[in-house]
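Colleague: Here is the input, now give the coordinates:
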Amino acid sequence: MPDLRFELAAQAQGHMLICGIDEAGRGPLAGPVSVAAVILPADFSLEGLNDSKKLSEKKRELLYHALLADSQVRWAHVFADAAEVDAKNILRATHDSMAAAALALQKKYRITIDHCLIDGLPVKNFPLSHQGIVKGDSHSLSIAAASIIAKVSRDHVMKQYAQEFPQYGFEKHMGYGTKSHLATLHAHGPCRIHRRSFQPVSQLSLPLDAS
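Modeller: Numbers count the residues shown, from 1 in each chain. Next comes the predicted model:
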């Protein structure tokens, strides 16, 4: 289970405000990349808080609302939509969004972040002091909290898109390349939230669905 050892280690090095950053949605064929940045209070605990991928949808929702209801939890969230992913490539769009989330957190609370803990590898040209932690959402509570906010925020918007584009079943697969999603892509062609730069979408000869 994640804990605060990375946060405490950073504080021991002189960093006071420690921010955890994580993303959701790098792999799907449709929809945005979602990134959250979170600062937890000292001695924070929340039963069941873990890597969002290891939790049920119901548990993620409960943790999401618990985090947002806690006035001591400081957080910010950003999306990179499909157009940005196509224009920049998925890695650059994700890294830019990680920076944007951290800067949005600073602006929202009028604070200066001392150090960021980022899930994965270090991010080139990141604007703040940071370290990458592989599988960080399983080790750092701040990153785990960010993973919950990023994932649930993305699921919410994908369910909204499911109402706009009901033929794709986004509420079931959240834009990932499942068999049913690929079948509807072949039947209907891509819609405006599909990532045209991703191979299963780019290989289709069908025109963009304007609906």
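
Colleague: which SS state does residue 186 fall under?
Modeller: Going by DSSP: H, G, I helix; E, B strand; the rest coil, the secondary structure assigned to residue 186 is helix.

Colleague: Give me the neighbour count for residue 76.
Modeller: Residue crowding around residue 76 was assessed by other C-beta atoms under 10 Å; the count is 23. Glycine gets a C-beta too; all of them are placed from N, C-alpha and C.

Colleague: Not counting sequence-adjacent ones, nearest residue to the residue nearest to the spatial centre of the chain?
Modeller: The centre of the chain sits closest to residue 23, judged by C-alpha atoms, centre = their mean, with a distance of 2.6 Å. Leaving aside its chain neighbours, residue 23 sits nearest to residue 35 (4.6 Å; criterion: C-beta to C-beta, 6 or more residues apart in numbering).

Colleague: Please identify the helix or strand for the one you found.
Modeller: Secondary structure assigned from DSSP states H and E places residue 35 in strand 33-39.

Colleague: which strands and helices sit next to that strand?
Modeller: Contacting strand 33-39 under the criterion 3 or more C-beta pairs under 8 Å, 6 or more residues apart in numbering; DSSP states H and E are the following elements: strand 18-24, strand 74-80, helix 90-109, helix 141-164.

Colleague: Show the average pLDDT along the third one.
Modeller: Per-region confidence: helix 90-109 scores 98 on mean pLDDT.

Colleague: Check which helices and strands the following helix or strand past it sits against.
Modeller: Next helix or strand after helix 90-109 toward the C-terminus (DSSP H and E): strand 115-119. Using 3+ C-beta pairs under 8 Å, 6+ apart as the contact criterion, the neighbours of strand 115-119 among helices and strands are helix 5-12, strand 18-24, strand 130-133, helix 141-164.

Colleague: how about a cut-off of 7 Å?
Modeller: The elements that strand 115-119 packs onto, with contact taken as 3 or more C-beta pairs under 7 Å, 6 or more residues apart in numbering; DSSP states H and E, are strand 18-24, strand 130-133, helix 141-164.

Colleague: Quick check: mean pLDDT of the strand holding residue 35?
Modeller: Averaging the model's pLDDT scores along strand 33-39 yields 98.

Colleague: What are the buried residues along the lowest-mean-pLDDT helix or strand in the chain?
Modeller: The helix or strand with the lowest mean pLDDT-type score in the chain, counting by mean pLDDT, DSSP states H and E, is helix 199-202 (a mean of 82). Of all the residues in helix 199-202, those buried under the rule 16 or more other C-beta atoms under 10 Å are residue 201.
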